[in-house]
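Asks: Quick check, what structure comes out for this input:
(one chain, ligands or ions: 3)
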Amino acid sequence: MSSTASVRHETIKRGSVWVNGPLIVGAGPSGLAVAACLKTQNVPFIILERAHCIASLWQNRTYDRLRLHLPKQFCHLPNLPFPGHFPQYPTRTQFVSYLESYAKRFGIKPRFGEAAIAGRYDGTCGMWRVSTGAGAEYICQWLVVATGENGERVVPEIEGLPEFGGEVVHASEYKSGAGYKGKKVLVVGCGNSGMEICLDLCQHNALPSMVVRDSVHVLPREVFGKSTFEMAVAMMNWLPLWLVDRILLILARLALGNTEKYGLKRPATGPFQLKKTKGKTPVLDIGTVEKIKSGKIKVVSGVNKFFHGEAELVDRRRLDVDAVILATGYRSNVHSWLQESEFFSKDGQTKTPFPDGWKGENGLYSVGFTRRGLSGVFSDAVRAAEDIGRIWKEERSQAKKFLAYRRRCNSQL
Ligand SMILES: Cc1cc2nc3c(=O)[nH]c(=O)nc-3n(C[C@H](O)[C@H](O)[C@H](O)COP(=O)(O)OP(=O)(O)OC[C@H]3O[C@@H](n4cnc5c(N)ncnc54)[C@H](O)[C@@H]3O)c2cc1C
Ligand SMILES: NC(=O)C1=CN([C@@H]2O[C@H](COP(=O)(O)OP(=O)(O)OC[C@H]3O[C@@H](n4cnc5c(N)ncnc54)[C@H](OP(=O)(O)O)[C@@H]3O)[C@@H](O)[C@H]2O)C=CC1
Ligand SMILES: O=C(O)C(=O)Cc1c[nH]c2ccccc12
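Replies: Numbering: from 1, shown residues only. Ligands and ions are numbered 1, 2, ... in the order given. Next up, the predicted model:
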């Protein structure tokens, strides 16, 4: 007994922080949402954030013209709806100001500049131990992973890119097309980022070409003035997913025409089925398809390699290129710091599908790994906080009983 205690004592660093309540890693929408739900139950917590602000994805790694692309009723966090004057699709600035007031309303004060760099479950003491780049170690009974599905950018290694010579940026560094007037810009990737960046470039009189290396589902953001996403969600209550997908593809054909004619080949699996199984988000079009049809945006095949000022495509064509924007997506960073393989899969997503992927073993939780955007964040945060709150209260009442018992025993001595 005493030897175990001394081993434990030795392995716990002098400056370690024992967390009273859960440790939340990440202060994006997910971290803030779970923190707010804990606050409403008076459960204490510590929240770590690697950046120096909340919601760093939204504040630092998105472009100026970005808006939420799902209607606002699918995007607010628990316990605080968006202000009534917000439009149907709030702007990035509005969303950030909502998150700022959310943090303020619930008194959430993240520890900024603290990136989790290592985390593991210590079976000896039955606690999670998380080290940060700032040199601290946090020891906690509950660990909530809220670092996001988009924690790191995906930057492909394409032959010759270092020799290209022109500007190369990832979509997360792109702010606006203002500096690209008259430039031939190759946008690699045709997800929502690539499509919207091309549109932005067009509107700033640049000359964008968009790489579509395989296939993509493009749906109109609205059909007959109604949100396509909202319609899909309503249909899913009554119809199987394959049928919802069929209907959506018919609507897309009516609204956008045959997009395959313009190089936008559709995947064999339907758009929502693909989102569910592979996490690949369909593009919600806000005008890019029109620009492709009018030839203002060129669709090109995959890139083979780069030369100085040029790109060679898979179809052997050569393009003159002034700048490259890699709209090649993001990945989770969970495996770069958390030593765990039961709950999180190799790609840093949770193994159990929605809505049950929020709880692991030994006090491990995840919020925001549902492949369902902000509506998934809402669902996970409420469930995780309720579960932690319940256990927290049970343990506290047991501890209180124990202390009262000790006091009684002491007074009888
Ligand atoms: C351009 C873009 C637009 C989007 N638009 C929509 C939309 O309209 N609707 C929608 O529903 N979803 C949208 N999404 C999906 C988006 O992921 C969610 O909206 C939302 O940001 C998820 O919140 P999160 O807190 O889980 O992740 P994030 O917003 O990524 O927040 C995670 C936080 O954790 C921090 N962090 C990461 N790693 C560490 C670490 N090791 N230690 C400490 N802190 C760490 C990050 O700095 C960040 O602040 C969009 C995504 C992108 C990229
Ligand atoms: N609110 C909004 O309006 C917006 C929302 N978002 C969301 O942010 C998330 C990330 O979106 P996004 O940044 O577009 O990332 P995505 O992962 O959705 O798309 C990445 C794209 O890059 C392509 N790609 C990756 N590597 C290469 C390569 N080596 N060569 C050629 N193409 C490549 C992919 O092709 P392939 O499919 O073949 O792998 C895919 O087309 C999504 O969930 C999206 O919905 C993004 C922007 C705006
Ligand atoms: O924008 C995103 O990344 C999202 O994850 C939001 C979202 C969740 N489910 C969808 C289905 C179609 C388009 C966007 C989304």
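Asks: Give me the contact status of stretch 285-304 with ligand 2.
Replies: Yes - looking at stretch 285-304 against ligand 2 by C-beta under 6 Å from any ligand atom, the contacts come from Gly302. Just so you know, the C-beta spots here come from the backbone N, C-alpha and C atoms, and that holds for glycine as well.
Asks: CA atoms only: put that stretch into PDB for me.
Replies: Extracted C-alpha coordinates of stretch 285-304, given in PDB (Å, rounded to 0.1, in the frame of the first residue of the first chain):
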ATOM      1  CA  ASP A 285     -24.000  25.800 -53.900                       C
ATOM      2  CA  ILE A 286     -24.300  29.500 -53.500                       C
ATOM      3  CA  GLY A 287     -23.400  30.500 -57.100                       C
ATOM      4  CA  THR A 288     -20.300  28.600 -58.100                       C
ATOM      5  CA  VAL A 289     -22.100  26.300 -60.500                       C
ATOM      6  CA  GLU A 290     -23.400  29.400 -62.400                       C
ATOM      7  CA  LYS A 291     -19.800  30.700 -62.800                       C
ATOM      8  CA  ILE A 292     -18.600  27.200 -64.000                       C
ATOM      9  CA  LYS A 293     -21.400  27.100 -66.600                       C
ATOM     10  CA  SER A 294     -20.500  30.600 -67.800                       C
ATOM     11  CA  GLY A 295     -16.800  29.500 -68.100                       C
ATOM     12  CA  LYS A 296     -15.600  32.000 -65.500                       C
ATOM     13  CA  ILE A 297     -14.400  29.100 -63.400                       C
ATOM     14  CA  LYS A 298     -12.600  26.300 -65.200                       C
ATOM     15  CA  VAL A 299     -12.900  22.800 -63.900                       C
ATOM     16  CA  VAL A 300      -9.700  20.800 -64.400                       C
ATOM     17  CA  SER A 301      -8.600  17.200 -63.600                       C
ATOM     18  CA  GLY A 302      -6.100  16.200 -60.800                       C
ATOM     19  CA  VAL A 303      -2.600  17.700 -60.700                       C
ATOM     20  CA  ASN A 304       0.200  15.400 -61.700                       C
END
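Asks: Tell me if it is near ligand 1.
Replies: No - contact check for stretch 285-304 against ligand 1, using C-beta under 6 Å from any ligand atom: none in range, with a minimum separation of 11.4 Å.
Asks: Offset the numbering so it begins at 2, please.
Replies: That works, and once the first residue is 2, the last one we named lands at stretch 286-305.
Asks: Show me which residues of that stretch are buried.
Replies: Of the residues in stretch 286-305, those buried under the neighbour-count criterion (16 or more other C-beta atoms under 10 Å) are 286-287, 289-290, 292-293, 297-301, 304-305.
Asks: Of those residues, just say which sits nearest to ligand 3.
Replies: Taking C-beta to the nearest ligand atom as the measure, ligand 3 lies nearest Asp286 of the buried residues of stretch 286-305, at 11.0 Å.
Asks: The closest one reaches Pro221, doesn't it?
Replies: Yes - in terms of C-beta atoms under 8 Å, Asp286 counts as a neighbour of Pro221; the distance is 5.3 Å.
Asks: Show me the common contact partners of those two, please.
Replies: By the contact definition C-beta atoms under 8 Å, 6 or more residues apart in numbering, Asp286 and Pro221 are jointly contacted by Leu257.
Asks: Assumed Arg247 was part of a helix.
Replies: Yes - for Arg247, which was evaluated using DSSP: H, G, I helix; E, B strand; the rest coil, the result is membership in a helix.
Asks: distance of it from Tyr90?
Replies: Separation of Arg247 from Tyr90 (C-beta to C-beta, to the nearest Å) stands at 26 Å.
Asks: Ok, Phe96 next?
Replies: Between Phe96 and Tyr90 the distance, using C-beta to C-beta, works out to 10 Å.
Asks: can you pull the pLDDT of the closest residue to Gly310 other than its chain neighbours?
Replies: Nearest-residue entry for Gly310: Gly166, 6.0 Å, with adjacent residues in sequence omitted and distances by C-beta to C-beta, 6 or more residues apart in numbering. Predicted confidence (pLDDT) at Gly166: the value is 97.
Asks: quick one: the spatially closest residue to Val131 that is not a sequence neighbour from Thr148, how far?
Replies: Distances taken as C-beta to C-beta, 6+ apart place Gly120 nearest to Val131, at 4.2 Å, with adjacent residues excluded. With distances taken as C-beta to C-beta, Gly120 is found 10 Å from Thr148.
Asks: And Asn206, by the same measure?
Replies: Using C-beta to C-beta, we find Asn206 at a distance of 38 Å from Thr148.
Asks: out of those two, which sits in the more crowded spot?
Replies: Residue environment comparison for Asn206 versus Thr148 gives the larger neighbour count to Thr148, 31 against 12, counting by other C-beta atoms under 10 Å.
Asks: Now do the same for that one: helix, strand or coil?
Replies: When classified by three-state DSSP, Thr148 comes out as coil.
Asks: Start from the N-terminal end of the stretch 2-151 of the chain and give the helices.
Replies: Residue ranges of the helices in the stretch 2-151 of the chain, as given by DSSP state H, counting those that start in this stretch, are 3-12, 30-40, 57-61, 93-106.
Asks: show me the contacts for whichever residue of the stretch 202-351 of the chain sits closest to ligand 2.
Replies: Proximity to ligand 2, evaluated over the stretch 202-351 of the chain using C-beta to the nearest ligand atom, is greatest for Gly330 at 2.7 Å. Under the criterion of C-beta under 8 Å, 6+ apart, the contact partners of Gly330 comprise 154-155, 190, 192, 194.
Asks: out of the residues you listed, which are buried?
Replies: By neighbour count, with 16+ other C-beta under 10 Å, the contacts of Gly330 hold 190, 192, 194 as buried.
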